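Visitor: give the three-dimensional model of this entry:
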Amino acid sequence: MQKDQSIVASQRVADILAERILAGDLAPGTRIKQDELADELETSRIPVRDALRMLEARGLVTMRANAGARVASLSRRDLEVSYEIRERIEPLLLADSVPHLTAEDMADLRDVMERHENVCDAGEAIALGREFHWISYRRHSSPLLAQIVERVWDTTQSYRRAYMRLAMDAADGEPRRPRGIEHRLLFDAICKREVETAQAALVMHIRRTRTGLLRYGHLLSGSLAEPAPRVYEGAE
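Guide: Alright, predicted model coming up:
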């Protein structure tokens, strides 16, 4: 029973930290102080330490001897390889899923696509974009591929969010709505069950994002140059 409680406590800490990292509350390179986090969450250091190991396995945290734990950060090459992986694996996942998508799936896909086209908040745009793609993959039969894709998405999400904010800023400082042409092309191909066309649209979409991230990486928060260390002092 005590072991089960320890696992539950560790998973709770891991879920909280993962949510903060994926939401952008903890930027790449941010130092995580285990003592302060344990005090904040009213737990011992053991669940915190175990949670950090869980997140290290997911690629969200790095741990080094005598250096503690930090939110994982990517080099320019890391990001480039991540997107090369996406370009190769996600079309396979899509091809596995598309023939089995239902009318309800298509309706869900359309709903998320239309909401995404009208959003002006970068965080919401990232969440809806992620939901759109996962709906298109939801009928897959390849859990290993899905796990790889999810890991790559998680480890690059901070950079995609920063890039989305940059892309949504107009010259006058007013938010600019993201364009949904690529999602529309992908959606239309999926609805027609044109798998190869859908794959081509998906690769184009992923490649365009990769190009933008690499081109403007020097402008992104916690970006592809080595980020300045920042101490995590706990939630506000």
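
Visitor: from residue 107, how far out is residue 193?
Guide: To residue 107, residue 193 is 16 Å away according to CB to CB, to the nearest Å. Any C-beta I mention is one placed from the backbone N, CA and C, and that applies to glycine too.

Visitor: likewise for residue 138?
Guide: 13 Å.

Visitor: okay, those two: which has more neighbours?
Guide: residue 138 (15 against 11; other CB atoms under 10 Å).

Visitor: buried residues of the longest helix anywhere in the chain, list them for me.
Guide: If you go by DSSP state H, the chain has its longest helix at helix 143-168. By neighbour count with 16 or more other CB atoms under 10 Å, helix 143-168 contains the buried residues 145-146, 148-149, 151-165, 167-168.

Visitor: then stretch 65-80?
Guide: Result for stretch 65-80 [16+ other CB under 10 Å]: buried residues 69-74, 78-80.

Visitor: just the helices in the protein please.
Guide: 2-22, 34-40, 45-57, 76-97, 103-117, 122-137, 143-168, 181-191, 195-215.

Visitor: reformat those as JSON lines; add mean pLDDT.
Guide: Formatted as JSON lines, the helices of the chain follow (pLDDT from 0 to 100):
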{"stretch": "helix 2-22", "mean pLDDT": "86"}
{"stretch": "helix 34-40", "mean pLDDT": "92"}
{"stretch": "helix 45-57", "mean pLDDT": "94"}
{"stretch": "helix 76-97", "mean pLDDT": "96"}
{"stretch": "helix 103-117", "mean pLDDT": "96"}
{"stretch": "helix 122-137", "mean pLDDT": "94"}
{"stretch": "helix 143-168", "mean pLDDT": "90"}
{"stretch": "helix 181-191", "mean pLDDT": "95"}
{"stretch": "helix 195-215", "mean pLDDT": "93"}
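
Visitor: for those helices, which one ends up most surrounded?
Guide: Burial of the helices of the chain is given as mean neighbour count (mean count of other CB atoms under 10 Å); helix 122-137 ranks first at a mean of 20.

Visitor: please enumerate residues in contact with it?
Guide: Applying CB atoms under 8 Å, 6 or more residues apart in numbering, the contact partners of helix 122-137 are 23-24, 90, 93-94, 96-98, 101, 105, 108-109, 112-113, 115-116, 119, 146, 149, 153, 157, 160-161, 164-165, 168, 178, 183, 186, 190, 198.

Visitor: between that helix and helix 143-168, how big is the angle?
Guide: 150 degrees (axes from the mean of the first three to the mean of the last three CA atoms, to 10 degrees).

Visitor: care to break this structure down by domain?
Guide: 2-72, 76-219 (automatic domain parsing).

Visitor: pretty sure residue 89 is touching residue 144, no?
Guide: No - Residue 89 lies out of contact with residue 144 (CB atoms under 8 Å); the separation is 9.7 Å.

Visitor: and of the helices of the chain, who's closest to residue 63?
Guide: helix 45-57 (5.4 Å; CB to CB).

Visitor: what's the closest one packed up against?
Guide: helix 2-22, helix 34-40, strand 61-64 (3 or more CB pairs under 8 Å, 6 or more residues apart in numbering; DSSP states H and E).
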